[in-house]
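Undergrad: Quick one, fold the following:
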Amino acid sequence: MEKTFTAQREDRPGTAWLERFRAGRDEAERWYFGEGNAERPSASECRAALLRHMPELVPHYDHVCGLVGDDDLAHRILSHYRPAPRPQGCSQAVWLGDEGPALVRNYDYPLPIITGRIELTAWSQRRVIAMAQRPWGGCLDGMNDDGLVASCTLGGMARRGLGFAIILMLRYVLETCGSVGEAVAALCRIPVTQLHNVTLLDGTGEHATLFLGPRREPTVTWLRTCTNHQERASPASGSFLRQSVLDDALGDPSSTLTGLTALFFEPPLYSRKVAFTTAYTAVYRPAEKRVDYLWPGQRWSQTFECFVPGAYKHDYGDLER
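TA: Alright, predicted model coming up:
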């Protein structure tokens, strides 16, 4: 199976964004509504929720709603408010040794659904480099030009609630926050639609991992590893095993950033399953304001001062069912 990743600078959404949204409209609807018949909020309720919890994004939301025109359903989708829950994999670790600080992460998800778009944006006062995800504004992971890095994993599937997609919440903190402390405060007050973990890092090495979810109080930790569970996991689970591998690596005094990154290309961290394919590995270096997107045999580096547009097609071979 092949997947093409692109890198583009787009200061604000415009006609090119509108073309992409229209081309991916069916997929965006499936993402928002899922396969169930759960009732979704009206467009006015969605905007009101954004205004209450992430008011700084409302002018940008109104802008893209204006681009799509009088389309109530599109306005609801673009809000990221109360979407259907989605499973995903992912592993991430914070490195604080030589060549650090750095955040290393794998993103595991079905390849056809991933947008595969690396963006440099300048919506407001901050520039953001992020692995973007449709329908609008979503960030799987990213960094702003203050050197704040944010990355998410699924925290479990047990709880579902009335909140926002985590990918818009990451966009929000990258647009509005300049420090780990500011990002922690923001994430703790915004309702999220399902269980998620967010790891934050900045150029000084300050870091935090948050456990978020509906019907639970946010928990702020200083854990340096994170997979797909929160406080507890069965020792027999794949998530527990992946985190244990990362914990062992960080606890080994002979470890290096190069060695840690190499682990992300080996089982159990690296997945070749169709349902949870490791789509890419990212190494964020906030002190250098640089991110390296990695695939086996390929490195694509991006910085704010030297952002390189282009495309890369990766062949994942025959994946496992």
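Undergrad: hey, where'd the helices end up in the stretch 101-250 of the chain?
TA: Ranges of helices in the stretch 101-250 of the chain, per DSSP state H, counting those that start in this stretch, are 166-176, 180-189, 238-251.
Undergrad: and the first one, how far out from the chain's middle?
TA: On the basis of Cα atoms, centre = their mean, to the nearest Å, the separation between the geometric centre of helix 166-176 and that of its chain is 9 Å.
Undergrad: Report the angle between that helix and helix 180-189.
TA: Between helix 166-176 and helix 180-189, the angle comes out at 140 degrees (axes from the mean of the first three to the mean of the last three Cα atoms, to 10 degrees).
Undergrad: With just CA atoms, put helix 166-176 into CSV.
TA: The C-alpha coordinates for helix 166-176 follow below in CSV (Å, rounded to 0.1, in the frame of the first residue of the first chain):
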residue,chain,number,x,y,z
ILE,A,166,-8.7,16.4,20.3
ILE,A,167,-7.2,17.4,16.9
LEU,A,168,-8.9,20.8,17.1
MET,A,169,-7.9,21.2,20.7
LEU,A,170,-4.2,20.7,19.7
ARG,A,171,-4.6,23.4,17.1
TYR,A,172,-6.1,25.7,19.7
VAL,A,173,-3.1,25.4,22.1
LEU,A,174,-0.6,25.8,19.3
GLU,A,175,-2.4,28.9,18.1
THR,A,176,-2.9,30.5,21.6
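Undergrad: Can you name the residues in contact with it?
TA: 54, 56-57, 80, 123-124, 126, 128, 130, 133, 137-144, 148, 150-152, 182-183, 186-187, 190, 192-194, 196, 198, 200, 212 (Cβ atoms under 8 Å, 6 or more residues apart in numbering). C-beta coordinates here come from the backbone N, C-alpha and C atoms, glycine included.
Undergrad: Any chance of a PyMOL selection covering the buried ones in those?
TA: Here is the PyMOL selection string for the buried members of the contacts of helix 166-176, based on 16 or more other Cβ atoms under 10 Å:
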select buried, resi 54+57+80+123+126+128+130+133+137+138+139+140+141+142+143+144+148+150+151+152+183+186+187+190+192+193+194+196+198+200+212
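Undergrad: So which of the contacts of helix 166-176 are in strands?
TA: Among those, the members falling in strands (DSSP state E) are 128, 130, 133, 138-144, 150-152, 196, 198, 200, 212.
Undergrad: Show the contacting residues for Pro214.
TA: Applying Cβ under 8 Å, 6+ apart, the residues contacting Pro214 are 159-163, 191-195.
Undergrad: The closest residue to it other than its chain neighbours: neighbour count?
TA: Among residues not flanking Pro214 along the chain, Gly161 sits closest, at 2.2 Å (Cβ to Cβ, 6 or more residues apart in numbering). By other Cβ atoms under 10 Å, the residues close to Gly161 number 15.
Undergrad: gap between Gly161 and Leu18?
TA: 31 Å (Cβ to Cβ, to the nearest Å).
Undergrad: now swap in His75 and tell me
TA: 14 Å.
Undergrad: The two: which has the busier surroundings?
TA: For the pair His75 and Leu18, the greater number of neighbours falls to His75 (20 against 14), based on other Cβ under 10 Å.
Undergrad: That one - that's part of a helix, no?
TA: Yes. Assessed by DSSP: H, G, I helix; E, B strand; the rest coil, His75 belongs to a helix.
Undergrad: Next up, the contacts around it.
TA: So His75 contacts 43, 46-47, 65, 68 (Cβ under 8 Å, 6+ apart).
Undergrad: Let's see that with 6 Å instead.
TA: His75 makes contact with 43, 65 under the criterion Cβ atoms under 6 Å, 6 or more residues apart in numbering.
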